[in-house]
Structures are given as C-alpha cells and as structure tokens.
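>>> Here's a sequence, model it:
(chains A, B, C and D, ligands or ions: 2)
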Amino acid sequence: MCETIVNLDIVVPNQTRYLRLVGAIAEQLAKELDVKEDQRDTLAYHLNLALTEAVANAIQYSAPTDSNDTVRICLAVDDGYLSVRVFDHGGGFDLDAVPWTDLDELRERGRGIFFIRSVMDSVQYHKTESGNVLEMRKKIA
Amino acid sequence: MCETIVNLDIVVPNQTRYLRLVGAIAEQLAKELDVKEDQRDTLAYHLNLALTEAVANAIQYSAPTDSNDTVRICLAVDDGYLSVRVFDHGGGFDLDAVPWTDLDELRERGRGIFFIRSVMDSVQYHKTESGNVLEMRKKIA
Amino acid sequence: MRVAKEVRDDRTVLSIQEDRIDAHNSGELKDLVLKTLEGGAQGVVIDLARVQFIDSSGLGALLSGYKNASLRSSGFALAGLQPRVRSMFELTRLHRVFDIYPSLQLALSA
Amino acid sequence: MRVAKEVRDDRTVLSIQEDRIDAHNSGELKDLVLKTLEGGAQGVVIDLARVQFIDSSGLGALLSGYKNASLRSSGFALAGLQPRVRSMFELTRLHRVFDIYPSLQLALSA
Ligand SMILES: Nc1ncnc2c1ncn2[C@@H]1O[C@H](COP(=O)(O)OP(=O)(O)O)[C@@H](O)[C@H]1O
Ligand SMILES: Nc1ncnc2c1ncn2[C@@H]1O[C@H](COP(=O)(O)OP(=O)(O)O)[C@@H](O)[C@H]1O
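Numbering: from 1, shown residues only, chains lettered A, B, ... in the order given. Ligands and ions are numbered 1, 2, ... in the order given. Prediction:
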C-alpha cells in the first residue's frame, strides 16, 4: 500500500501565463482525493495557492538566460500524502534562512513562502547539480 | 519553434474512477491553448471525451492480472498540434480493422473508437514490446 | 451513482445526480433502469438535467433501458439534455431513436 | 488584464473582470491603480466580486495602491471579496489594513 496512486508530471514554459493551468490541474487532483467533502474545496484551494507561489518563484528566480526554458512540476499521491515538487534552474536559495513574514510590515512582496508554509504541512528546498527542487508535502488521509 | 510547449504526463491506477480526473485535466489544458474563444469549449469537451474513451479501453482491455497496474497518459502541445497518447499493457488490437460504427444498429457498445475518430484529426495504435499506445492528434492552430 | 427515484402518476422518474456518466458509473445506471422496469414501472423518465458529460458506455446504458422497455411495452423517455450531452446523441443519431424532451415537466405532461 | 473602469460621483471604480489575480497579471493591476491615482482620482474602489483567486503578488499590487493612495490622501477601498479571496486577507491580517466592503454598493454609499 505504499504505491504511488496518482502521479502527474507537468512541464510548462517558464511563463506566468501557465500558472493558471498548473493551479487548475492541482485543484482537479485535490477534488479526486479521498478527503472529507467539506475539506476538499479548501484543500483544492490551498494546493492551487502553494503551487502558484512556488511556480511563480521558479519562473522569477530562474536564470535570465533561460527564457526558452521550462518549469517542471511533479504531483504525487501516495500513502496518505500529497507531495508536490517544483524544479528550478536558478541560483537557488536557503529556504531555512527565509524568516516567517512580519505581517505588520506592509511590504508588497515576501508573502509567497509564507503562504506555502501556512497551507502545506512541510516544505523543503534542495540544491542539486542537476537543478533545484522545492518539495512540499501535505497529509491527506 | 518546434519545441514542445506543454507536456503533461499522467499516471493513474487502472480504475475507472480516475476517468473524471484525466478528462478534467485535459479540459483545463484545452482552456489554456491558443484557440478562438468560441471553439475552446468544444475543444475541451472533445478532448475530455476522446481521453475518457481511450482510457476506459486501456483499463478494460488490459490484462486481468494487471489489477495493481496503472494507466499512463501523455498530453503534449507542440507546433500547432495537440497529441495525446494512452498506453496499455493488454493484448492490443488492430485499430484499422475496427469498422466505422453502423449507427443504425442499436448495439450497446462499440461507439468509443467512433467518438475518438469523430472528434480527433488522426488516431493510430501501435503494439510494441514494452506496451501498446493509442496516439491521437488534433490540430489546434 | 447518486440517483433520485420518484414515482409520478404512472411513471418512475430517475433523476441523475451526477455531472458525469462514464464507464465508472454507467453499469450502475444500466442495472438501476433494468430493476425499475422489472419492478413493473409502466414508464421510465430519465432526467439528465444535471449531467454535463456522457460517454459511449453511458449511451449504451440508456440504449439498454430503451430496448428493455420496448420489449415490455413500457415507456422510456429522456429529459433535460444539456448541449454537450445532446451533441452525443446527434453524433450517434440516437436522438432519432429516443423519446427526448427539453425538460422533465414536458416529459411528464406528454 | 480585463478591468472595467467607471467614475461614480467622486470615485473611480475598477471592476476586475478576471477570476484570477496572480503573478501573470498583478503587475498590470498595480500599474493601472497607480495611473488612476496619478490621474487625480480622489478615491478608488476595487471591485473584486469576480475574483476567485488571488496570490501574494496580487495582494502586493493592492498594497501598492493602498500605500500610494495614502500618500496622496486619496481613498482606497476594496469590495465584494469572495470567501477564498477574503481568507487570504485574513491569513496575512491585511483585512485590518484595507477598507473592505461586502459589496460595491456598500463601498460607494460609505
Ligand atoms: N526558486 C527560488 N530560487 C531562488 N530564490 C528563491 C526561490 N523562491 C524563493 N526565493 C527567495 O525567497 C524569498 C522569499 O520568497 P517569497 O516569499 O515567495 O517572496 P517574493 O518572491 O515575493 O520576494 C525571495 O525574495 C527569494 O529571494
Ligand atoms: N486498448 C485496447 N486494447 C485492446 N482492444 C481494444 C482497445 N481499445 C479498443 N479495443 C477493441 O476495439 C473495439 C472497439 O472499441 P470501442 O469502440 O471503444 O467499443 P467498446 O469498447 O464499447 O467495445 C473493442 O471492442 C475492442 O475489441
């Protein structure tokens, strides 16, 4: 029963116009999961939000030479967890060094990671030679 | 400009309850394509239909031992075409030997390939050692 | 498959509460229609107003009901077809076979 | 980004015609609000009734408008927040910062 149940591998150009598609696919997936009916809509929305923020960052902070590049997103459901991975080819960053947003400061930016942390159960960022990956997990059962 | 623009790789258990998810993802993709607004909804519906029929067949005609098996679906948009591939691990069949459905016969079955042929521009089926694939294409620009 | 069953005068109305009829639930629909006819219903009306999608197996389930009703000389009508659903009947010319009404109300007053 | 602009008495209403505000269109929204304020609008109301989704960049665009309006002593109000959108303001506590009305009508009569 540790098998991956559903696996979605999405590759889109690194352009913000595809945020909507990625978010919509995540919502559809959430709607098929075995979660209580009253939680399904919230889960769908949270997934849409976390993915939108993560993919927007992957696009924004990818190397400027990568204008023909793509963003890859993997969504996997297995063993009661939904895991979402967003890959980028930029310089990477230290996620643990990003503080929780000070909500009293009215800055225009800096709420993306805050949203991801708020709606997902765990977030990790790994720099590897072949690229970076932001991995988010959420318990669904 | 021959690059693949969007690529979706979907793996779901070979159970009919996932037909809805696969169809819904295809509809979302169709809605992001550069097609005229008045044709978008029809395209979305046709894609949903063709995929539902193809995946239902892949599930139904896959080897009965494959009860823990999955169905893989690839959707790719490139160079003005949308291509959809549905893989199965059953005995395969000769698509060209499937006649156009005689609509005057009121049989309960045998309209799946008919729908696929009706709404897509081309359909092919290949048997390979590693599995079979039904490939459907549709011009989108 | 969620279906609301209601007897109106001499007819049994089956209102499909799903937005999709496909290979996942068409078998259930077929069985339900057959059971309803076996139960002695003199006429069956299938209300499809909520259905936004039907595939070939769904049409097959409805054809099964149609044929079984004909054998028993029972009535069998469809009501409330949404445009996408309607287009599936037209593509297969099944709109010439079934008794189709724009709405449940019209089907019942026919 | 599709936005309907309308002047009502002394206020300019910007009705967002998109169901989503995200990094794809939030820059445009920000520019539009700034231009409207630079154009001398005494008060701006953003009607969000059609918006079902807003991300952090969308909140940023609205904050930009809020701050710019404050600098100019112009009014800046939001109206018609859908539940999902409203929840984003609550999560960030920005509902305590913005002037928020349930509907455009209530925003205009305030
Ligand atoms: N994929 C990424 N690559 C590099 N840096 C990133 C990435 N994602 C986030 N960051 C860094 O983390 C910071 C916080 O991100 P976020 O909360 O989304 O706010 P914003 O992007 O609005 O600044 C960003 O300013 C950026 O420095
Ligand atoms: N993936 C597949 N593997 C094996 N046979 C298939 C497959 N898809 C279709 N077929 C064959 O083609 C026939 C026609 O398919 P279809 O038009 O979908 O009708 P139905 O599945 O209702 O019989 C099927 O009866 C089956 O014999």
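
>>> list the contacts for the most centrally placed residue in chain C?
Taking CA atoms, centre = their mean, the centroid of chain C lies closest to residue C:46, which sits 3.3 Å from it. For residue C:46, the contacting residues are C:14, C:16, C:33, C:62, C:65, C:76, C:77, C:78, C:79, by CB atoms under 8 Å, 6 or more residues apart in numbering or on different chains. Using the backbone N, CA and C atoms, a C-beta is placed for each residue, glycine as well.

>>> ok, so of those, who is nearest chain D?
residue C:16 (27.2 Å; CB to the nearest CB).

>>> Can you give me the pLDDT of that closest one?
Per-residue confidence at residue C:16 stands at 98 (pLDDT).

>>> Burial check on it, number of neighbours?
Applying other CB atoms under 10 Å in any protein chain shown, we find 23 residues neighbouring residue C:16.

>>> residues contacting it?
Residue C:16 neighbours (CB under 8 Å, 6+ apart): C:1, C:2, C:3, C:29, C:46, C:47, C:48, C:50, C:51.

>>> in whichever strand or helix holds the fourth one, what's buried?
Take DSSP states H and E as the rule and residue C:29 turns out to sit in helix C:26-38. The neighbour-count criterion (16 or more other CB atoms under 10 Å in any protein chain shown) identifies C:26, C:29, C:30, C:32, C:33, C:36, C:37 as the buried residues of helix C:26-38.

>>> quick one: strands adjacent to the helix or strand just after that helix?
Sequence order places strand C:43-47 as the next helix or strand after helix C:26-38, per DSSP H and E. Sheet pairing of strand C:43-47 (DSSP bridges) gives strand C:11-16 (parallel), strand C:75-79 (parallel).

>>> Relative to residue A:134, which of the contacts of residue C:46 is nearest.
Taking CB to CB as the measure, residue A:134 lies nearest residue C:16 of the contacts of residue C:46, at 42.2 Å.

>>> Tell me how far the closest one lies from ligand 1.
44 Å (CB to the nearest ligand atom, to the nearest Å).

>>> Likewise for residue C:41?
From residue C:41 to ligand 1 the distance is 60 Å (CB to the nearest ligand atom).

>>> So that residue sits against residue C:9, correct?
No - counting by CB atoms under 8 Å, residue C:41 stays clear of residue C:9, with 11.5 Å between them.

>>> So for these two, which residue has more residues nearby?
residue C:41 (23 against 7).

>>> Show the contacting residues for residue A:27.
A:44, A:45, A:47, A:48.

>>> Of these, which ones also sit close to ligand 2?
Applying CB under 6 Å from any ligand atom, the subset of the contacts of residue A:27 adjacent to ligand 2 is empty.

>>> just the residues you listed now: which is nearest residue A:96?
Relative to residue A:96, and with distances defined as CB to CB, the nearest of the contacts of residue A:27 is residue A:47, at 23.1 Å.

>>> give me the number of residues near that closest one?
By other CB under 10 Å, 27 other residues sit near residue A:47.

>>> again, but for residue A:15
Neighbours of residue A:15 using other CB under 10 Å come to 14.

>>> which residue packs closest to it, ignoring adjacent ones?
Leaving aside its sequence neighbours, residue A:15 sits nearest to residue A:59 (CB to CB, 6 or more residues apart in numbering or on different chains; 6.9 Å).

>>> centre of the chain versus the helix or strand that neighbour falls within, how much separation?
Assigned by DSSP H and E, residue A:59 falls within helix A:37-60. Per CA atoms, centre = their mean, to the nearest Å, the displacement of helix A:37-60 from the mean C-alpha position of its chain is 7 Å.

>>> Pull out the buried residues from that helix.
So, applying 16+ other CB under 10 Å, buried residues of helix A:37-60: A:40, A:43-59.

>>> near chain B, which residues of chain A?
A:3-13, A:17-18, A:20-21, A:24-25, A:28-29, A:31-32, A:68 (CB under 8 Å from any CB of the partner chain).

>>> filter those to the buried ones?
The buried subset of the residues of chain A next to chain B - by 16+ other CB under 10 Å - is A:5-13, A:18, A:20-21, A:24-25, A:28-29, A:31-32.

>>> just checking: which of the buried residues of helix C:26-38 also lie near chain A?
Answer for the buried residues of helix C:26-38 near chain A: none qualify (CB under 8 Å from any CB).

>>> Closest to residue C:94 out of these?
residue C:26 (14.5 Å).

>>> Wait, the closest one touches residue C:58, no?
Yes - using CB under 8 Å, residue C:26 makes contact with residue C:58 at a distance of 4.7 Å.

>>> how about the helices of chain A, start to end?
A:19-32, A:37-60, A:112-119 (DSSP state H).
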